[in-house]
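*Asks:* The following block contains a protein sequence and its predicted model.
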Amino acid sequence: MTINKLGRRNFLKASALAGGGLMLEFNFVSMISAEELGTLVGSKELNVFVQIASDGKITIYSATPEMGQGVKTALPMIIAEEMGAKWTDVEVIDAPLDADKFGSQGAGGSTSIPENFDTMRKMGASAREMLIGAASETMEVDREELEARDSIVVHSSGESLTFGQLAALAVKQPLPDPEMLSFKDPRSYTIIGTTVGGVDNLVIVTGQSQFGIDVDIPSMQYASYTRCPRIGGVAISFNEAEIIKLPGITQTFILAPNDRADIAPGSFGEGVQGGVAIVGEDTWSVMNAKSKLEIEWDESAASHDDWERMILKAQQIAEKGDGEITLKGANVDPAMADINNKTLESFYQFPYVAHVCMEPMNCTAHFKKGSGSQPDAMELWIPSQYPGDVKDIAENIFGVKKENVKVNPTRMGGGFGRRGIHDFASEAMAISHHSGLPVKLTWTRTDDIHNDFFRVGGFQNMKAAINENGELAAWNQHYIGFAKEGKPVSGSGLGGNEFSMVALDNARVSQTMMPVQTPCGFWRAPGANTNAFVEQSFLHELAVLADKDHVEFLLELMGSRRWIDDGNVNALNTGRAIDVIKRAAEASGWGRSMPVGTGLGFSFYFCHAAHVAEVAEVSVDENRNLRVHKVTVAVDVGPIINMSGAISQVQGSVIDGLSTMAMQQITMKDGIIQQDNFDTYPVMRIAATPEVNVHFIQSDNRSTGLGEPALPPLAPAVTNAIFAATGTRVRSMPLSEQGFKLV
C-alpha cells in the first residue's frame, strides 16, 4: 500500500498519549468514497477515536446515541474487526457531545449502520496498517510478511508483537493513504457476524448505567410541569398560595408559551406550551403538589380534534371518490370497469398511538446567568436521539449562544422517534431559566402520554381489479390523512413512490388531508408502520378473490428479479423480496394443514432498505380470544454485524408491533386525550409473547439497519392469520376494538 506524509488529504491525525500509546482521531462524513475522504480534514461531521494503551487495552469511543438498538456494540465491532483486534481487549466508552470533533451525533431512521459501516472499516484498517508499520520497523522485515490478528502482529516466522508493545512506535508511523486501504475478506471475519453481548449489559442489569432519569447534580431541585388537558390551552391562574405551602415545595409559577418562530408547515413546535411549573426538594413533593393543582385555562385557541368526528369525515370523503393524485395509473379506470374483471373495495382505518417509552421524558437543566463579561450559559443532561439539536433550542428560544450550551447525553430508556423532539428539554430549560436553579424535570406517565407527538392515525380506501387469469389488473389507493397548515404531518400521506405501489404495473394513488392540531411525529417506521397493515392485508384479500395462494400471489407480483432503481439499496429489489418470501414460507411450513380455529398469515414489506417477510401462526376461540403462537421472520439487510443485536431488534419489533396492533389507540374528544396511563393504554404482557424465529439472508448487499423494518409486516401477518382461522376480515386497528383479546 502507499504511505503518505501527513498532509491536507489525510483523514487521520495521530498523537502520542501520555505514558506511551496510540491514539487515532478520524474525521469523516457518512457514506463517502475513498477519493472524497482525503479532502475532509476539519470536517464538522462525525469524529471517532481509537486508543491503544501500552498495556494492550484498546479503547473505542462511541459517538452515536444508544437507546437499545445496539449501535454502541455493533459499530466498534467493525473497527475492531478491521484492526485485527481481539474483542476481549476492547473497551467501548461513550464520547462526549462535541460537534467540532464528532460532528452530528444522532440516531434515527435505522441509519446508524449503513451510514457508518464504510468509515468504521477505514478507521480500523488505518490503525492496522500503522501497527503493521511499527512491527515492520521493529522486526526489520517487510510489512507484506506481517499480519494483524487477535491484538498482535505476527510475522510469517511465528515471531509476534502485541498491539500494546507496538503502540508507542505506531503513533510515529506515516499515515496511510485512505485511497489505498485494503480490507479483510469477509470470509476471514472473526468478530463481525458473531454473537456479542451488549457492551453495557452488565452495567444495565446491575443498575450502574446512567439514564436521564438517574441524573443527580449538586444543588439540584426537582420539577414538574402541567399543560392544559386540551391541547394548545394556556394557563391564566392557579392556586399558587396553596401549592407553595405544601411540603418540599420551593417555587411555583406560570410559564408563558415560548417557541421558535421558524416552525415549518406540517411540523409542531418543540418549545414551551403555557402551563404551571412546580419546583421542590424531591420528586415525590413536586408530583404530590402537581396532583393538587387547580388551574384556570385560556382555551380560545385550543384544539377541538375529535377522533369519532374524524372517522365520520373520512368515511364521507371516501364515498366521494379519489383525492389529489400523487401517482396516475394509465389504465386503472378501464380495468376497473371491465366486466370480465373481478373488483374489490375495502375501507381501512388505523388509530393514533403513543410512544410510551419505559423511561418517561425527562431532562436536567442548569441555566447560569452571565455577569460582566461572562455570557449566559446553559448545561443539560438529556436522553435524546439528537442531543446536539438542544443547542439550537437554547439559542432560538432562550437566547443562549450555542457555544455556551453544554449538553451531556445519557443513555435512553427507549426512543422510537419520540426522543428526537425536545419539548421536554424546552420546559426544563425554561424552569431553570425562571427559577435560577439547576432542575430535573420528570414527566409522569400521564404527562408522557398526553404530551406525546403521536403516530398519526388515518384511513385508506382501497380498490382493485383481478383479471380472468387471477392477476392484479388495477390498483387504486386513496389515502385519507392529516395535515397541519396544508402539509401532511409526519407519517401521513403517500407520494406514490413507496412500496407496494412501485412493484405494481397499473396503480393510482391519491390523498385527501384533514386539518389536525394534535401533535404528530416520528414513530417506529413512520408511514410504513400503517401502510403495511393496509396494503398487505388488502393484497391478501385480492389473493383470496383470485383464488390463489397468498405466497404464490406475492411472488407473481414481484415478477422477474430486478432493482426498481438499479443498484439503489434504498429501492425495492424484487430478487431479494422473492428470497425472503420463499425463506419465510419454507421456515414456517407454509401451506400445511391447520386445525380448526387456527391459521397462518403471511406478509411481506420493504422499508428502511430492508426486505422482510413474516408468517404469524394464531388460534382464535369462540370468544375471540387470540393467541399468537409463533412468528417466523425472514430478513435481508445484507451482512449482519452482531447476530445477538440483530435478533434482538427483530424480536423487539415483532413484540412492539403485536402490542400496538392488538390493544393500543389514542383517541381525542374535543381536543382532550382520553388515555391517561397503562390502565387505559395497555401494553402486552409477557404471557402473550409469541415464539419468534428469525432467519437472516446475508446477501452481498450493503449492511443496513434493523431498528424498524421488522415491525410493519407484523400487523398484516396477524390479521391475515385471523382470517385464515376464522373467516373474519380485520380492517381496523386495534384488534381490541373488534372484540379480540390477546391471550
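*Replies:* That came through fine. Being a predicted model, the structure only gives us computed values, none of them experimental.
*Asks:* Point out where the protein drops to low pLDDT.
*Replies:* 1-48, 102-103, 261 (pLDDT under 70).
*Asks:* mind redoing it with 80?
*Replies:* Applying pLDDT under 80 to the chain flags the ranges 1-49, 99-104, 260-266.
*Asks:* The stretch 101-250 of the chain: helices as residue ranges?
*Replies:* 112-139, 163-170, 201-205, 240-244 (DSSP state H, counting those that start in this stretch).
*Asks:* Next, the angle helix 163-170 makes with the longest one.
*Replies:* Note on geometry: by axes from the mean of the first three to the mean of the last three CA atoms, to 10 degrees, helix 112-139 and helix 163-170 are set 80 degrees apart in direction.
*Asks:* List the buried residues of helix 112-139.
*Replies:* 112-136, 139 (16 or more other CB atoms under 10 Å). Any C-beta I mention is one placed from the backbone N, CA and C, and that applies to glycine too.
*Asks:* before we move on, the earlier item: among the helices of the stretch 101-250 of the chain, which comes closest to Pro76?
*Replies:* For Pro76, the closest of the helices of the stretch 101-250 of the chain is helix 112-139, at 8.0 Å, according to CB to CB.
*Asks:* Dump the helices of the stretch 101-250 of the chain to a markdown table, plus distance to Ser736.
*Replies:* Listed next are the helices of the stretch 101-250 of the chain as a markdown table, based on distance: least, CB to CB, whole Å:
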| stretch | distance to Ser736 |
| --- | --- |
| helix 112-139 | 34 |
| helix 163-170 | 57 |
| helix 201-205 | 32 |
| helix 240-244 | 38 |
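*Asks:* helix/strand/coil for Asn408?
*Replies:* strand (DSSP: H, G, I helix; E, B strand; the rest coil).
*Asks:* ugh, wrong one, I meant His540
*Replies:* Assignment for His540 (three-state DSSP): helix.
*Asks:* where's it relative to Gly413, distance?
*Replies:* 36 Å (CB to CB, to the nearest Å).
*Asks:* Could you do Ile449 as well?
*Replies:* On the measure of CB to CB, Ile449 and Gly413 end up 16 Å apart.
*Asks:* Which one of the two is surrounded by more residues?
*Replies:* Each of Ile449 and Gly413 has its neighbours counted (other CB atoms under 10 Å); Ile449 has more, 23 against 19.
*Asks:* how much space between that one and Pro360?
*Replies:* Taking CB to CB, one finds Ile449 at 9 Å from Pro360.
*Asks:* Now do the end-to-end distance for stretch 666-679.
*Replies:* Stretch 666-679 has an end-to-end distance of 13 Å (CA to CA, to the nearest Å).
*Asks:* Tell me the buried residues in it?
*Replies:* Those would be Ile666, Thr667, Met668, Gly671, Ile672, Ile673, Gln675, for stretch 666-679 by 16+ other CB under 10 Å.
*Asks:* export these to a markdown table and tack on secondary structure and distance to Thr512?
*Replies:* Listed next are these as a markdown table, based on DSSP: H, G, I helix; E, B strand; the rest coil; distance: CB to CB, whole Å:
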| residue | secondary structure | distance to Thr512 |
| --- | --- | --- |
| Ile666 | strand | 22 |
| Thr667 | coil | 21 |
| Met668 | strand | 19 |
| Gly671 | coil | 22 |
| Ile672 | strand | 26 |
| Ile673 | strand | 25 |
| Gln675 | coil | 27 |
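*Asks:* can you list the domain ranges for the chain.
*Replies:* Following automatic domain parsing, one gets these domains for the chain: 3-189, 221-301+361-442, 307-354+454-742.
*Asks:* Please produce a markdown table containing those, extended by distance to Val199.
*Replies:* Formatted as a markdown table, the domains of the chain follow (distance: least, CB to CB, whole Å):
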| stretch | distance to Val199 |
| --- | --- |
| domain 3-189 | 4 |
| domain 221-301+361-442 | 12 |
| domain 307-354+454-742 | 10 |
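*Asks:* Could you point out which of those sits nearest Gln208?
*Replies:* domain 221-301+361-442 (10.9 Å).
*Asks:* Off-centre distance for that closest one?
*Replies:* Going by CA atoms, centre = their mean, to the nearest Å, the spacing between the C-alpha centre of domain 221-301+361-442 and its chain's C-alpha centre is 25 Å.
*Asks:* for it, how far is the first residue from the last?
*Replies:* 11 Å.
*Asks:* again with stretch 555-568
*Replies:* Note: stretch 555-568 ends 21 Å apart using CA to CA.
*Asks:* Please work out which residues outside it touch it.
*Replies:* If you take CB atoms under 8 Å, 6 or more residues apart in numbering as the criterion, stretch 555-568 is touched by 471-472, 502-504, 539, 548, 571-575, 577-578, 581-582.
*Asks:* try 7 Å this time
*Replies:* When contacts are defined by CB atoms under 7 Å, 6 or more residues apart in numbering, stretch 555-568 is touched by residues Glu471, Leu472, Val502, Ala503, Ala571, Leu572, Asn573, Thr574, Gly575, Ala577, Ile578, Ile581.
*Asks:* Met462 versus the first one, what's the distance?
*Replies:* Remark: distance between Glu471 and Met462 (CB to CB) = 17 Å.
*Asks:* When the two are compared, which one has more neighbours?
*Replies:* Met462 (23 against 16).
*Asks:* Pull the contacting residues for that one.
*Replies:* Glu345, Ser346, Tyr348, Gln477, Val534, Phe538.
*Asks:* Can you tell me which of these are buried?
*Replies:* Buried among the contacts of Met462 by 16+ other CB under 10 Å: Ser346, Tyr348, Gln477, Val534, Phe538.
*Asks:* Give me the subset of those residues that lies in helices.
*Replies:* Counting by DSSP state H, the buried ones among the contacts of Met462 place Val534, Phe538 in helices.
*Asks:* Distance to Pro438 added to the buried ones among the contacts of Met462, as JSON lines?
*Replies:* Compiled in JSON lines, the buried ones among the contacts of Met462 are given as follows (distance: CB to CB, whole Å):
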{"residue": "Ser346", "distance to Pro438": "56"}
{"residue": "Tyr348", "distance to Pro438": "49"}
{"residue": "Gln477", "distance to Pro438": "52"}
{"residue": "Val534", "distance to Pro438": "48"}
{"residue": "Phe538", "distance to Pro438": "54"}
